[in-house]
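*Asks:* missing the sequence, but the structure's below:
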């Protein structure tokens, strides 16, 4: 027997386990991970190994596996096969090789990059509206569903049945009753805290409308994955000929909160309405997610652009669908956003309520500002998410020091739109924030646009935000209390745990 002063066997075992965890972590954690993420995970594992290891096993994987991975891989190959005969840019759209034309050389590179990463080429479309008002966008979507003849596909991160969305849901039910194929995808984690989600599920079940929760977690059914890996896409397609996409969830702008109603706190979003060759590409994104969730293969829709005669006088836009998420190991949205930013010549406008960039994106924006470009970042005066709000504030000093203008959307409003405008010539709009969660953890969909009214209208919306926002200056920012600085830096570290 060991003397009472000597360590007991369990102490020796814990010490060995402690060193073993740390030794293995150093060689395993950094694999295929951003340096900031690796550093954050290693820090928590090395400091508190018996807490850090379970957290890493629970939250450390950014990938999808098994059946879902096979479906995404097959879909990626099928998209490439079905669009192989199409050029990167439609042949009747002039490029730089034609003497300047409609597409700048920098955008041609971005289009080629996006095509290489996702398989989808740029196509032509007509933008019928860029909606910055929730009621207007829901009314437009409701009218489109009411006119549907063949199919309606709805994909929403948050979907609730309330007074603002009742007309839209009623239109879905009526379309289903008259024989239109209606399919609905909803993220259950994003929606479950809203009472309207339970009402929606009950109605969909009662009416027989096919629907599936996206990325469900059900341990009893062995449906388990990283719980904060979510499907953040917002897509509506009608008959394969008309589509809506953007940042808006299908819920009232106060998000079913009495406090928000009392304080006048409303979310501001952007949705775009499109017709033309882009719609089948958005339908293809929906089809992959539907197949992944439904354990069934829907009728294959040929994603080759359908014949669509653009009326004389239509303001034609050149656009490209950019899906991203754990099914893509190359982080398409981050790479394309960086390409657009590094290719800017005069002005960069970023609208992102959750701005937690990785090193490359932060370097691109600050380098552009140092080079004399006008760089404007639109964020919220008061963030609606405590941790993310503090994390993004930790980047403000570097941005302000470089000369980036930070415009804060006034409380109690909540800016939720997500888009970029580059040189007033190119835009990217959709569900993706410029933050590490959107790059690595969330399924997102973005629309790249050049020429036409879509870019102009997004630029005008950004100008409207600027008119009501206040600009942050370095003196004001440096005067904030020490406690706030500390929280900013702590949550900057936790934001990197991906």
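*Replies:* Cool, got the structure. This structure is a prediction, so every number in the text was calculated from the model and none was measured.

*Asks:* so who does residue 379 touch?
*Replies:* 352-353, 355, 392, 406-409, 415 (Cβ atoms under 8 Å, 6 or more residues apart in numbering). All C-beta spots, glycine's among them, are computed from the backbone N, C-alpha and C.

*Asks:* Identify the bridge partners of it.
*Replies:* residue 408 (DSSP bridges).

*Asks:* Tally up the residues packed near residue 490, please.
*Replies:* 14 (other Cβ atoms under 10 Å).

*Asks:* Now do the helices in the stretch 101-250 of the chain.
*Replies:* 105-118, 134-146, 166-177, 188-191, 195-207 (DSSP state H, counting those that start in this stretch).

*Asks:* these two touch, right, residue 184 and residue 204?
*Replies:* Yes. With contact defined as Cβ atoms under 8 Å, residue 184 reaches residue 204; the gap is 6.3 Å.

*Asks:* what is in contact with the two at once?
*Replies:* Common neighbours of residue 184 and residue 204 (Cβ under 8 Å, 6+ apart) are residue 211.

*Asks:* residue boundaries of the strands in the stretch 251-400 of the chain?
*Replies:* With DSSP state E, counting those that start in this stretch applied, the stretch 251-400 of the chain shows strands at 267-268, 271-276, 316-324, 347-351, 374-380, listed in chain order.

*Asks:* Deepest in the core, which of these is it.
*Replies:* strand 316-324 (a mean of 26; mean count of other Cβ atoms under 10 Å).

*Asks:* starting at the chain centroid, how far to that strand?
*Replies:* Strand 316-324 sits 14 Å away from the centroid of its parent chain (Cα atoms, centre = their mean, to the nearest Å).

*Asks:* tell me what the biggest helix by length in the chain is packed against?
*Replies:* The residue-count maximum for a helix in the chain (DSSP state H) belongs to helix 9-28. Packing contacts for helix 9-28, counted by 3 or more Cβ pairs under 8 Å, 6 or more residues apart in numbering; DSSP states H and E, involve helix 35-47, helix 49-59.

*Asks:* Export the strands of the stretch 251-400 of the chain to CSV and append columns for mean pLDDT and distance to residue 363.
*Replies:* Shown next, in CSV, are the strands of the stretch 251-400 of the chain (pLDDT from 0 to 100; distance: least, Cβ to Cβ, whole Å):
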stretch, mean pLDDT, distance to residue 363
strand 267-268, 96, 29
strand 271-276, 96, 30
strand 316-324, 93, 20
strand 347-351, 98, 13
strand 374-380, 98, 12
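
*Asks:* Tabulate those (a markdown table), appending distance to residue 402.
*Replies:* Below are these laid out as a markdown table (distance: least, Cβ to Cβ, whole Å):
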| stretch | distance to residue 402 |
| --- | --- |
| strand 267-268 | 27 |
| strand 271-276 | 31 |
| strand 316-324 | 27 |
| strand 347-351 | 12 |
| strand 374-380 | 8 |
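
*Asks:* For residue 155, find the nearest of those.
*Replies:* strand 316-324 (11.5 Å; Cβ to Cβ).

*Asks:* okay, and for this protein, where does confidence drop off?
*Replies:* By pLDDT under 70, the weakly predicted segments of the chain are 1-7, 30, 59-66, 94-102, 218-226, 295-314, 496-498.

*Asks:* care to break it down by domain?
*Replies:* Domain assignment for the chain, taken from automatic domain parsing, gives 9-59, 66-322, 332-495.

*Asks:* count of neighbours near the nearest residue to residue 80 once chain neighbours are set aside?
*Replies:* In this structure, residue 80 finds its nearest non-sequential neighbour in residue 119, 4.1 Å apart by Cβ to Cβ, 6 or more residues apart in numbering. Other residues within reach of residue 119, judged by other Cβ under 10 Å, total 21.

*Asks:* With residue 476 instead?
*Replies:* 11.

*Asks:* List the contacts of it.
*Replies:* No contacts exist for residue 476 under Cβ under 8 Å, 6+ apart.

*Asks:* so where does it fall, helix or strand?
*Replies:* Taking DSSP states H and E as the criterion, residue 476 maps to helix 474-478.

*Asks:* And that helix, what's buried?
*Replies:* Buried residues in helix 474-478, counted by 16 or more other Cβ atoms under 10 Å: residue 477.

*Asks:* quick one, what contacts the residue nearest the centre of the chain?
*Replies:* The residue lying closest to the centre of the chain (Cα atoms, centre = their mean) is residue 432, at 2.4 Å. Counting by Cβ under 8 Å, 6+ apart, residue 432 touches 232, 324, 333, 418, 438-439, 442, 444-446.

*Asks:* could you redo the last one with a cut-off of 10 Å?
*Replies:* 232-233, 247, 322-325, 332-334, 336-337, 352, 418-420, 438-439, 442-446 (Cβ atoms under 10 Å, 6 or more residues apart in numbering).

*Asks:* and if you look at residue 461?
*Replies:* Residue 461 touches 130-132, 268, 270, 351, 378, 417, 419, 421, 429, counting by Cβ under 10 Å, 6+ apart.

*Asks:* farthest pair in those residues?
*Replies:* 131 and 378 (17.6 Å).

*Asks:* and residue 283, how many residues sit next to it?
*Replies:* The burial count for residue 283: 26, using other Cβ under 10 Å.

*Asks:* now the contacts of residue 461 as a markdown table including distance to residue 471?
*Replies:* What follows is these, written out as a markdown table (distance: Cβ to Cβ, whole Å):
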| residue | distance to residue 471 |
| --- | --- |
| 130 | 25 |
| 131 | 27 |
| 132 | 21 |
| 268 | 18 |
| 270 | 22 |
| 351 | 15 |
| 378 | 11 |
| 417 | 18 |
| 419 | 20 |
| 421 | 18 |
| 429 | 23 |
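
*Asks:* just those now: which is nearest residue 257?
*Replies:* residue 268 (15.6 Å).

*Asks:* how much space between that closest one and residue 353?
*Replies:* 9 Å (Cβ to Cβ, to the nearest Å).

*Asks:* Show me the common contact partners of the two, please.
*Replies:* Residues touching both residue 268 and residue 353 by Cβ under 10 Å, 6+ apart: 247, 380, 409, 414-417.

*Asks:* right, and out of those, which lies closest to residue 31?
*Replies:* residue 247 (32.9 Å).

*Asks:* so what's that closest one up against?
*Replies:* 157, 232, 234, 267-272, 351-353, 415-419, 429-433.

*Asks:* Mind doing that once more with 7 Å?
*Replies:* Contacts for residue 247 (Cβ atoms under 7 Å, 6 or more residues apart in numbering) come out as 234, 269-270, 416-418, 431.
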